[in-house]
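K.L.:
Build me a structure from this.
(one chain, ligands or ions: 1)
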Amino acid sequence: MIRRRGLLGGAASLAALAGCAAPPRRLGSRPQPTFQQPTAAPAAPGGDGALRSIAFGSCIDQTRAAPIWDTILAGRPDLFLFGGDNVYCEMPCTQARLRRAYAQAAESPGMGRLRRSVPHLAIWDDHDYGLNDGGAEFAFKDEAKAEFLDFWKIPADDPRRGREGLYHAQVFGPPGQRVQVILLDERWFRSPWKRTDQRDAPGKERYLPDDDAGKTMLGEAQWRWLEQQLRQPAELRLIVSGLQVVTEGHGWERWGNFPRERQRLYRLIADTRAQGVVFLSGDRHIGALYRESGGTPYPLYELTSSGMTHPWRDAAEAGPNRLGELFTDLHYGTVDIDWAAAAVSLSIRDIAGKPRRAATIPFNQLQVQS
Ligand SMILES: [Fe+2]
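P.N.:
All right, here's what the predicted structure looks like:
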């Protein structure tokens with residue numbers, strides 16, 4: 001998603017838009033990703049250590065102040081999930097520009113402290129992929145992937161180094177208290193969007209729903225992998241999706257622009273009888289909670305947390321399946337699990353750590369009914 005009007009003013013805004021629309025230049029010279037054994041990220045709780053507190057965020061401009069890291073760190077989360085746009089590559093993105101963005105992020109005191117002290121997982125979105133609203137067509141995704149693997153210190157033997165894309169999953173905790181985190185890659189394989197016929201019109205700002213059966217969000221390899229993941233046992237599954245999944249009411253990037261693919265996702269959850277699915281999404285520079293029960297195997301909740309450094313303060317849009325209003329100030333998301341009560345709480349928290357939108361969901365509501 002582009003930095004919108006209201007985030008950047010005047011000439012800067014126009015430059016950002018023009019930059020996003022321009023074709024990418026040839027990326028710089030680094031033919032091979034570095035495969036030296038990196039310093040591993042802190043080990044996440046595993047074995048008998050059940051997760052209870054997970055923080056989540058996206059859209060982190062490394063050139064801006066990020067005081068919200070202090071709030072997130074004070075909350076001492078067991079795990080932090082980076083939901084994409086974890087850095088902003090200056091557009092048109094080159095490998096040198098992306099590497100510079102990561103170098104700036106590495107010097108961010110807050111992000112640095114988190115990366116050193118809190119277990120974390122990451123997936124990318126368009127701004128760390130390298131092409132605004134980009135998909136499979138991006139010619140230099142291999143170079144962008146190499147930068148991602150290096151920055152996030154992905155081990156040399158990790159499957160992500162040997163296959164296309166960056167999708168990944170991990171299960172934390174013992175039987176009975178398992179949290180599965182599934183991170184979807186919605187850039188590497190994704191087919192082109194259908195462009196709007198009325199730019200900036202409410203509900204069709206950039207793209208229109210496309211019923212083309214030949215278009216894909218995840219690509220077949222990732223779809224097959226996702227089915228295998230959904231068949232793994234877990235009490236709670238956090239599906240991290242850069243793009244909003246269940247959300248209706250806007251025409252920016254979202255799963256609803258490929259309605260067949262979204263229905264395929266709902267059907268796959270039903271067919272695999274995967275209990276406990278909750279979506280965590282980003283990209284939009286707003287915070288919000290959503291709940292969809294039409295055509296889904298059970299009520300599907302979505303927590304969108306996006307705007308750790310530059311929220312879209314004048315955002316306004318329809319929200320037919322949104323729970324409450326948009327939150328348009330600085331924020332992050334939390335997932336708090338009460339294993340004794342068998343319930344999960346989703347929250348949008350402000351710069352003070354105070355919940356501003358929240359929903360608590362008993363696990364028994366997140367089950368495929370026979
Ligand atoms: Fe994005």
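K.L.:
Every contact and neighbour count from this point should use C-alpha atoms.
P.N.:
Fine.
K.L.:
my read: E205 touches W252, true?
P.N.:
Yes. Here E205 reaches W252: they are 5.9 Å apart, a contact under C-alpha atoms under 8 Å.
K.L.:
Neighbour count: these two, which is higher?
P.N.:
W252 (24 against 17; other C-alpha atoms under 10 Å).
K.L.:
can you confirm the more buried one is in a strand?
P.N.:
No. W252 is assigned coil when assessed by DSSP: H, G, I helix; E, B strand; the rest coil, not a strand.
K.L.:
and the gap between the nearest residue to it once chain neighbours are set aside and the ion?
P.N.:
Nearest residue to W252, sequence neighbours excluded (C-alpha to C-alpha, 6 or more residues apart in numbering): R206, at 5.4 Å. For R206, the distance to the ion (C-alpha to the ion, to the nearest Å) stands at 13 Å.
K.L.:
Who does A55 form a beta bridge with?
P.N.:
F80, T334 (DSSP bridges).
K.L.:
contacting residues for it?
P.N.:
Shown in contact with A55 (C-alpha atoms under 8 Å, 6 or more residues apart in numbering): I72, P77, D78, L79, F80, L81, Y332, G333, T334, V335.
K.L.:
What count of nearby residues applies to the first one?
P.N.:
Same thing as I72. By the measure other C-alpha under 10 Å, the count of residues near I72 is 25.
K.L.:
tell me which parts of the stretch 51-200 of the chain are close to the ion?
P.N.:
D125, D126 (C-alpha under 5 Å from the ion).
K.L.:
Going by residue numbers, what spans are strands in the stretch 51-200 of the chain?
P.N.:
Counting by DSSP state E, counting those that start in this stretch, one finds strands in the stretch 51-200 of the chain at the ranges 53-57, 79-82, 120-122, 168-172, 179-183, 194-195.
K.L.:
okay, those strands in CSV with mean pLDDT next?
P.N.:
Below are those laid out as CSV (pLDDT from 0 to 100):
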stretch, mean pLDDT
strand 53-57, 98
strand 79-82, 98
strand 120-122, 98
strand 168-172, 97
strand 179-183, 98
strand 194-195, 98
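K.L.:
TSV for those, including distance to T304?
P.N.:
Formatted as TSV, the strands of the stretch 51-200 of the chain follow (distance: least, C-alpha to C-alpha, whole Å):
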stretch	distance to T304
strand 53-57	9
strand 79-82	12
strand 120-122	15
strand 168-172	19
strand 179-183	14
strand 194-195	23
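K.L.:
For the stretch 251-370 of the chain, give me the ranges with low pLDDT.
P.N.:
Residues of the stretch 251-370 of the chain meeting the criterion pLDDT under 70: none.
K.L.:
quick one: secondary structure of whichever residue of the stretch 251-370 of the chain sits closest to the ion?
P.N.:
The ion sits closest to D283 of the stretch 251-370 of the chain, with a gap of 3.9 Å, by C-alpha to the ion. Following three-state DSSP, the label given to D283 is coil.
K.L.:
ditto for the one 5 residues further on
P.N.:
Here A288 is recorded as strand under three-state DSSP.
K.L.:
so it makes contact with N321?
P.N.:
No. Look at A288 against N321 with C-alpha under 8 Å: they stay out of range, at 10.6 Å.
K.L.:
quick one: strands adjacent to the helix or strand encompassing V240?
P.N.:
If you go by DSSP states H and E, V240 is part of strand 236-241. Here strand 236-241 is paired, per DSSP bridges, with strand 179-183 (parallel), strand 277-281 (parallel).
K.L.:
in the next helix or strand after it, what's buried?
P.N.:
Downstream of strand 236-241, the first helix or strand assigned by DSSP H and E is helix 259-271. The neighbour-count check on helix 259-271 (16 or more other C-alpha atoms under 10 Å) flags P259, R260, E261, R262, L265, Y266, L268, I269, A270 as buried.
K.L.:
Next, the contact list for the nearest residue to the second one once chain neighbours are set aside, please.
P.N.:
Same thing as R260. Once flanking residues are discounted, R260 sits nearest to D211: 6.5 Å by C-alpha to C-alpha, 6+ apart. Contact analysis of D211 by C-alpha under 8 Å, 6+ apart lists F258, P259, R260.
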